[in-house]
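[1] Model the structure of this input:
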Amino acid sequence: MLIDLASITAALAAMGPAGVFLAGMIDSSCVPLLNFVSVLVVTQAALAPEAWLAGASLAAAGSTLGSWGLYWAARSGGRLAGLRRIGSLDQVKKKLEQSGAWALLAPAASPVPLPMKPTIVAAGVTRMGQIRFLSSLAIGYSVRYFGLALLAAWFGPGAIALAMLLVPPTLISAGIIGVCYGLVQLRNSRRTPLTIGAQAS
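    Numbers count the residues shown, from 1 in each chain. Predicted coordinates for the structure are as follows:
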């Protein structure tokens, strides 16, 4: 059964601040909503400037908790289940160690939706420290949503039109980034083919 994203986003938008929290959880854990959470934060802050802080806080909290759920699913799902999706465990772990918290903080802070789920899954499979994981995402999501909400509250309803104008370029940019990311992952998987039996032993 296909997921009706239009119905989901409409229902979340009608829920007010609670919808922002749920949208953040859904987007970061299972169903990508692209830039919908950001648009929702901007819209609510522009229409109700006095509530910008609450909206940004709920968006950051929901996104962080949703990512934590995905982290735990990957961590509890077993070593080999994660390896089939993200490639060599040692290679991914090395990349996470080299990038540190920035591997999570930077894409979380970006207003343009970037592919984060592979990194979150990798953090779970490699058992990245939970405090480091949660603090990196909490800071990143806070930078994104607090910044957007504050600007929307400052500019008022005009920010809604600006946000809607930014949606098509954002989706195009996300698509280009996603394709490039997929090509890089494909190239890396061909260079270092995974031998599950060897890794499991």
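[2] Test my guess that Gln44 contacts Ala23.
    No - under the criterion of C-beta atoms under 8 Å, Gln44 makes no contact with Ala23, lying 10.9 Å away. (Each C-beta comes from the backbone N, C-alpha and C, glycine too.)
[3] Show me the shaky parts of the protein.
    Scanning the chain for pLDDT under 70 picks out 1-6, 78-95, 97, 161-201.
[4] related to what we said a few turns ago, what about Gln44 and Ala23, which has more around it?
    Ala23 (29 against 26; other C-beta atoms under 10 Å).
[5] residues in contact with the helix or strand where the more buried one lies?
    Here Ala23 sits within helix 17-29, counting by DSSP states H and E. Applying C-beta atoms under 8 Å, 6 or more residues apart in numbering, the contact partners of helix 17-29 are 8-9, 11-13, 15, 33, 36-37, 40-41, 44, 51, 54-55, 58-67, 69-70, 116, 120, 141.
[6] For the next helix or strand after that helix, buried residues please.
    Next along the chain after helix 17-29, taking DSSP H and E as the criterion, comes helix 36-47. In terms of neighbour count (16 or more other C-beta atoms under 10 Å), helix 36-47 has its buried residues at Phe36, Val37, Ser38, Val39, Leu40, Val41, Val42, Thr43, Gln44, Ala45, Ala46.
[7] my read: the last one touches Ala153, true?
    Pointing back at Ala46 there. Yes - Ala46 lies in contact with Ala153 (C-beta under 8 Å); the separation is 7.0 Å.
[8] now Ala73, what's its secondary structure?
    Under DSSP: H, G, I helix; E, B strand; the rest coil, Ala73 falls in the helix class.
[9] Find the helix or strand that the residue nearest to it when sequence neighbours are not counted is a member of.
    Spatially, and ignoring its direct neighbours in sequence, Ala73 is nearest to Gly124 (7.0 Å; C-beta to C-beta, 6 or more residues apart in numbering). Here Gly124, judged by DSSP H and E, is contained in helix 117-125.
[10] That helix vs helix 17-29, what angle?
    Taking axes from the mean of the first three to the mean of the last three C-alpha atoms, to 10 degrees, one finds helix 117-125 and helix 17-29 inclined to each other by 80 degrees.
[11] Could you shift the numbering so residue one becomes 811, and keep it that way?
    Fine by me, first position is 811 from now on; the one you just mentioned is helix 927-935.
[12] elements contacting helix 927-935?
    Secondary-structure packing of helix 927-935 (3 or more C-beta pairs under 8 Å, 6 or more residues apart in numbering; DSSP states H and E): helix 862-886, helix 889-896, helix 899-909, helix 912-919.
[13] how about it: buried residues?
    Under the neighbour-count criterion of 16+ other C-beta under 10 Å, helix 927-935 has Lys927, Pro928, Thr929, Ile930, Val931, Ala932, Ala933, Gly934, Val935 buried.
[14] so how many other residues sit close to Ala858?
    Ala858 - counted by other C-beta under 10 Å - has 15 other residues nearby.
[15] ok now do Ser848, which residues does it touch?
    Applying C-beta under 8 Å, 6+ apart, the residues contacting Ser848 are Pro921, Arg954, Tyr955, Leu958, Ala973.
[16] is it true that the fourth one touches Ala866?
    Yes - with the criterion set as C-beta under 8 Å, Leu958 and Ala866 qualify as a contacting pair; they are 7.4 Å apart.
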